[in-house]
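A.B. asks: Structure for the following, please:
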Amino acid sequence: MHDSLKPTAEHHHSPPQGFLWTHVFSLDHKVIGKQYYFLSLAAVLIGMVLSWLVRFHLAWASVAIPGLQHLSQVGAPGGIITPEYYLSLLTLHGTLMVFFVLTTAPQAGFGNYFLPIQIGAEDMAFPRLNMLSFWVTFVGFVVLISTLFVSDGPPISGWTAYAPLSAIGSDAGPGLGTGQVLWVISIGIFCIGSLLGALNFIATTLDLRAKGMTLARMPYTTWAWFITAVLGLLAFAVLLPACVLLALDHLGGTSFFIPGGLVVSDKLQPHSGGSTLLWQHMFWFFGHPEVYIAIIPGLGITSHILTATARKDVLGGTRVLVGCMVSIAFLSFMVWGHHMFISGMNPFSSLVFSVPTLIITIPASIVTLNWIGTVFGARLRLHTPGLFAIGFISVFVTGGLSGFFLAQPSLDIYLHATYFVVGHFHMVMGVAAIFGMFAGTYFWFPKMFGRMMNETLGKIHFWVTFIGVYCIFMPMHYLGLAGNVRRYSAFVDDYLAPLIPVHKFITISAFVTGAAQLLFLFNLFWSMYRGKKAEENPWQATTLESTIPSPPPFDNFGGRHPIVYRGAYEFGVEGTKDDFVMQDSPEQPARS
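C.D. replies: Next up, the predicted model:
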C-alpha cells in the first residue's frame, strides 16, 4: 500500500460499548443507515398490507375480510369496510409510503450508510445529530401508526390533508378528530427529523471530503444525496409551519385555513377570514419537490449501478448528469401550481405553471437518453442490481410520459380526479423510487452485511415485480380515461360497473406482485446469515466503498485517510490490468 495512504487518525467519536450503544443509540452512520432502512421496510410492509385491503374492497366490495372487525369495529363491522374507513386506510397508506418509505429509505437509509464512505470520511459531520434525526423520525412513525388504534381511527382527509376538511375537527367526519391531530403531529415530527438530516448531509458533503475528492470526482449517488438534502431543507421548512398552522386551526381556534360562514354537519364553524387555498399552496410548494426528494436518489443509484453493469461511465459524464439533477431540483420549486389546476386558478396562472411543468421534462429526458446511450452497445453484466437499474429506467419513462397529459390544464381538469393520476404518480414516483431501492439493496447488501444475496431468487423477484407493476398501474390510465373517479370505495353507477373487472385484474396482480416481495424478504434475511461470503469488490466497481472490507470497519478506512487520484467511473482504461481503475489508485496506465 502506498505510504501516503497510511496517516494515523483518531475517529471523532469512540467505538461504542454495550448492546444499546452499539445497535440502538449508535452514533455510527452505518448503523443509523441500517436503522432507517429497516424502519422503511416496516413501513412499506404495513403500507402494502393496507393497499391489499383497499384493492380487495374495490374488487369485491360486499365480501367480508376475516378479522378486520377486530382492528376497527366501527370502520369494518363484520369485516366489511365502510366508505369512511376505506378513506382512512387510503390516507394511512399514502402517508406511510410518501414520507416513511419513498423519502426515508433512498435518502436517509442508503445515504447515511454510503455518503461518508464515498467521499472518504469517517462519519457524518454531526454524529449525535444524526442519531437524533433517526429517533425523531421513529417517533413520528409510531405516532402515525397509533392512529389505527384511537377511537375514531386514521383521518379520512387523504395524505394531502386538504383544508378545511382537515382543520375543523370531528364535525367533518370520522378520523378528523384525534386521528387528524395525531397525523399532523406525526408529519410535523417527521419534518424536524428530515431537517436535521438534511443539515447533516450538506455539512458532511461540503466539509469532510477526502484529499483529492473534488466536486467533479464525487460519485453520482453522492451528488444525488447532496441535491436531495438541499431540496429537503427548503421543502420541509415550508411543510413544518404549515403543520403548525393546521394544528392551531384544529386545536387553538385560529382561522388560517378555514373561511368564515362555513357550515359543516349543520353547525356554523366559529372561524373567519381563512383561506383553504393557502394550505394547498403551502402543501404543494413542499409536495412537488417531494416528488424529486423521492426520485433523485433513485436517479443517482441507477446511474451509479449502470456504470458497473455497462462497464463504462454514463454517457455525458458528471457535468451533464449533475447539471440535469440540479436543473430538475431548481425547477421543482416552480411547478407546484399544476396540482391546483382544478382549484379555480386564473387561466393565466395555469399557463404560467404549465410551461415550467413541460420544461422540467427536458433535463429528465436528457438523463434518460444518456442512460439509453450508455446501455446501447455496452458489455452488459445483467446481475440483479443491473436489472433493477434498467427496470427503473423503464418505469420512470413510462410514468413520465403520462405526465405530459397532466401538464395541460385543459386535459388535467378532466383527468385530475381520476385513476389516470393514480397510475401516473405511482409509476413515476412510487414504483420508480422503489426500483431504485431494490437496485441499491442488491448492489450494496454485500458491503453492508458481508454476504451476497441469492441471484436466482433476485432475478425471479425482479421479473415478477417488473411485470406485476405494469399489470397494476397501466390499466389505471385506462380507468382514468374512462372517467373512473379516485377515492370511490365502490362502483355502483351505470358507467362505472363495467370497469369492475379491470379492478379485479388489478387486485389479483397486486396480490401476485406482493407475494414476490415476500420472496425478497426471505432472500434478504436468509442471506444475512446464510448467504455466500462477499468479496471486497464483488461488482468490480470503482468508488471508495469498493476499496474497504465487507462489512466496513468502525471508522470505515481502518485508521487511514484515502487520497483520491481520479474520477469516480474510470472503466475501459487502456493499459491497465483490469477494465477499471479505482478512485484511490495512483496506478498510471502503461504506455504502449
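
A.B. asks: Tell me where the stretch 301-450 of the chain has helices.
C.D. replies: Secondary structure of the stretch 301-450 of the chain (DSSP state H, counting those that start in this stretch): helices located at 317-331, 347-359, 361-375, 384-406, 409-415, 419-425, 432-449.

A.B. asks: Please disregard the earlier target; I meant the stretch 101-250 of the chain.
C.D. replies: Assigned by DSSP H, counting those that start in this stretch, the helices in the stretch 101-250 of the chain fall at 110-118, 127-145, 178-207, 220-251.

A.B. asks: Packing partners of the last one?
C.D. replies: For helix 220-251, the elements it packs on are helix 110-118, helix 178-207, helix 276-310, helix 317-331, judged by 3 or more CB pairs under 8 Å, 6 or more residues apart in numbering; DSSP states H and E. Backbone N, C-alpha and C define where each C-beta goes, glycine included.

A.B. asks: Now do the second one against helix 276-310, angle only.
C.D. replies: Taking axes from the mean of the first three to the mean of the last three CA atoms, to 10 degrees, one finds that helix 178-207 is oriented at 50 degrees with respect to helix 276-310.

A.B. asks: Show me which residues of helix 178-207 are buried.
C.D. replies: Of the residues in helix 178-207, those buried by neighbour count under the rule 16 or more other CB atoms under 10 Å are 178-202, 204-205.

A.B. asks: check which helix or strand covers residue 259.
C.D. replies: Residue 259 belongs to no helix or strand when elements are defined using DSSP states H and E.

A.B. asks: show me what contacts the closest residue to residue 267 other than its chain neighbours?
C.D. replies: Nearest residue to residue 267, sequence neighbours excluded (CB to CB, 6 or more residues apart in numbering): residue 171, at 5.6 Å. The contact partners of residue 171, by CB atoms under 8 Å, 6 or more residues apart in numbering, come to 264-265, 267, 269.

A.B. asks: In those, find the pair that's most separated.
C.D. replies: For the contacts of residue 171, the maximum inter-member distance is 9.6 Å, found between 265 and 269 (CB to CB).

A.B. asks: Look at the two and report which has more neighbours.
C.D. replies: residue 269 (21 against 10; other CB atoms under 10 Å).

A.B. asks: Give the burial count for the closest residue to the more buried one other than its chain neighbours, as a bare number.
C.D. replies: Using CB to CB, 6+ apart and skipping the chain neighbours, the partner closest in space to residue 269 is residue 262 (4.5 Å). Using other CB under 10 Å, the number of residues around residue 262 comes to 19.

A.B. asks: Now do residue 248: how many residues are near it, please.
C.D. replies: Neighbourhood size, residue 248 [other CB under 10 Å]: 16.

A.B. asks: I'd guessed it sits against residue 258; true?
C.D. replies: No - applying CB atoms under 8 Å as the test, residue 248 and residue 258 come out as separate, 10.7 Å apart.

A.B. asks: Out of the helices of the stretch 101-250 of the chain, which gets nearest to residue 577?
C.D. replies: Residue 577 sits nearest to helix 110-118 of all these, at 24.0 Å, using CB to CB.

A.B. asks: contact partners of that closest one?
C.D. replies: Contact partners of helix 110-118, identified using CB under 8 Å, 6+ apart, comprise 29-30, 32-34, 36-37, 122-124, 130, 197, 201, 204-205, 208, 218-219, 221-222, 225-226, 228-229, 297, 301, 437, 440, 444, 447-448, 543-545, 548, 552, 556.

A.B. asks: Quick check: residue 580 touching residue 568?
C.D. replies: No - look at residue 580 against residue 568 with CB under 8 Å: they stay out of range, at 11.0 Å.

A.B. asks: Among the two, which residue is more densely surrounded?
C.D. replies: When neighbours are counted by other CB under 10 Å, residue 580 and residue 568 differ, and residue 568 comes out ahead with 25 against 21.

A.B. asks: That one in helix, strand or coil?
C.D. replies: coil (DSSP: H, G, I helix; E, B strand; the rest coil).

A.B. asks: now residue 512
C.D. replies: For residue 512, the assignment made with three-state DSSP gives helix.

A.B. asks: got the contact list for the closest residue to it other than its chain neighbours?
C.D. replies: Distances taken as CB to CB, 6+ apart put residue 468 closest to residue 512, at 5.8 Å, once the chain neighbours are dropped. Shown in contact with residue 468 (CB under 8 Å, 6+ apart): 509-510, 512-513, 516.

A.B. asks: To which secondary structure element is residue 468 assigned?
C.D. replies: Per DSSP H and E: residue 468 is located in helix 455-481.

A.B. asks: Same question for residue 52.
C.D. replies: Element membership of residue 52, judged by DSSP H and E, is helix 29-59.
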